[in-house]
Structures are given as structure tokens and as C-alpha cells.
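Enquirer: structural data only, the sequence is not supplied:
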């Protein structure tokens, strides 16, 4: 009787240095040859974008990366898939990891330690979502220096460079070339186009105020009126005093749960 080959597990690896990224890739190929690495990233912003695009089943994230740290990316993943942190630092993080909340490997990666991590990952695959790690990741994230957040968005409108207060932005929406900035200040609505990709804005904005709800949409939560489930897989947001309906992709629908 013939058997259907098992579908390979897919993975994302992210490290801002090429040599450690290559070393991890080689170690994974030795210790878990069936693993399929579907994406690599050199910073946290690209790692999060790659997660949304490729939907890997496992993520290996360097803790300290520019833009978004590995902890920032893990907070956005929010337990959807197992995360392994990769670190060269014998710092505060390791005690929490040793408690079993999340896993880690040290650089340079040791094959014996990596195999232990792989065994844990394989045991967790297909199991219910990971326990809520938001408090732990928030605590760890606060111990990494956060960059200063911008207070204005500079947008070209004809020959004018317009300074749009970040707090006045209702939502950002991107396409292949531009990001649309829809804003409202003192009851006066407006919009402009900027060339900054959405994934770069995501690393600069306060995640407590600006929620990513789709790969191409970030919205100021203060302007959300309701989240409407259209069918089993489709959800849209309605906004206060505006006609737009913003799509919510599957990864972000968990942000909207009735009490």
C-alpha cells in the first residue's frame, strides 16, 4: 500500500547578520533536513512581512534586529506558530526561556542544543496555540531600547511638503508604489501619498495606537467604530464618520473578539 509523503514543515529565519544566518541555516539542514526554509530576513520589519506572506509554521528570530526586534515580531505573531529566539547575549532573556515559556538557541548554534529545540518544536506542531506570552514578551521588549517615535509624517502634495501630525492619521493604506495617508484634524479631513512602505511605518508607529489589520492597512484604533464578520473568513472594519470599510485579514481577526 502506498503512503502519501508527509508535508514538510516550513520555517522563517531572521538575523541581521549574514554569517550567523548562514550558520543557522546550515545547522538546521543538518539537524532537521526535512525542514523547508521558505523565507529569510535581515531585519525585523522584513521578518514580519515575510511571516505574513509565507505563513511559516516555525520562526527562528534573532532577538536584536533593527526596525523591529525579534521580540517585537514575536508579539505580532501572538502565538500563532512556535517561535525560537536566536541570541548571542547571556542576558535577562535566558532565565525566562529556560522556564519553558519560549525556546532559544545561542550563537554560534550548537547542534546538540538545536536538536533539543527541534524535538520540542516537533512535539508542539499541530497542538493548540501557545499559551499567552504577551506579558512576558512585553517585559522583555521593554528592556530593549526602543527608537524615538515620529510625531509628524512628511508628505509631498504638489510643490508643498505637508507635515501631518501622526495623531491625526485615521489609517494608512499601501499599494505597490505609494502609501495613502488618510487624516483628520479639527474636523477637517484630508489625504496624501508618501513613498514610505507600510512595513517601515509599522516599525516607527506606536502599536498601542496603530493596529495592523491587513498586510496593506494600518488603522488608528480610536477611529474604529466596529468590526463586522461578513462570512467565516472575511471581516471588515467600519470607521467613525467615514465611508471606508477596511479589510481585516485572517492573521489579525483575533484582535476583535466580543466579550
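Expert: That came in fine, so what should we check first? All of these numbers come straight from a predicted model, not from anything done at the bench.

Enquirer: and stretch 174-181, average pLDDT?
Expert: Stretch 174-181 shows a mean pLDDT of 90.

Enquirer: what residues sit buried inside that stretch?
Expert: Going by neighbour count (16 or more other C-beta atoms under 10 Å), the buried part of stretch 174-181 is 174, 179-181. Using the backbone N, CA and C atoms, a C-beta is placed for each residue, glycine as well.

Enquirer: so can I have TSV of those showing secondary structure?
Expert: Listed next are those as TSV, based on DSSP: H, G, I helix; E, B strand; the rest coil:
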residue	secondary structure
174	strand
179	strand
180	strand
181	strand
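
Enquirer: how about the residues you listed in a markdown table, adding distance to residue 209?
Expert: Formatted as a markdown table, these follow (distance: C-beta to C-beta, whole Å):
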| residue | distance to residue 209 |
| --- | --- |
| 174 | 18 |
| 179 | 17 |
| 180 | 18 |
| 181 | 15 |
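
Enquirer: please, which helix or strand holds residue 48?
Expert: helix 44-54 (DSSP states H and E).

Enquirer: how close does residue 198 sit to residue 181?
Expert: 11 Å (C-beta to C-beta, to the nearest Å).

Enquirer: what sits in contact with each of these two?
Expert: residue 172 (C-beta atoms under 8 Å, 6 or more residues apart in numbering).

Enquirer: where does pLDDT dip in the protein?
Expert: Counting by pLDDT under 70, the ranges of the chain that qualify are 1-6, 89-102, 126-148, 258-259.

Enquirer: give me the distance between residue 186 and residue 125.
Expert: Taking C-beta to C-beta, one finds residue 186 at 52 Å from residue 125.
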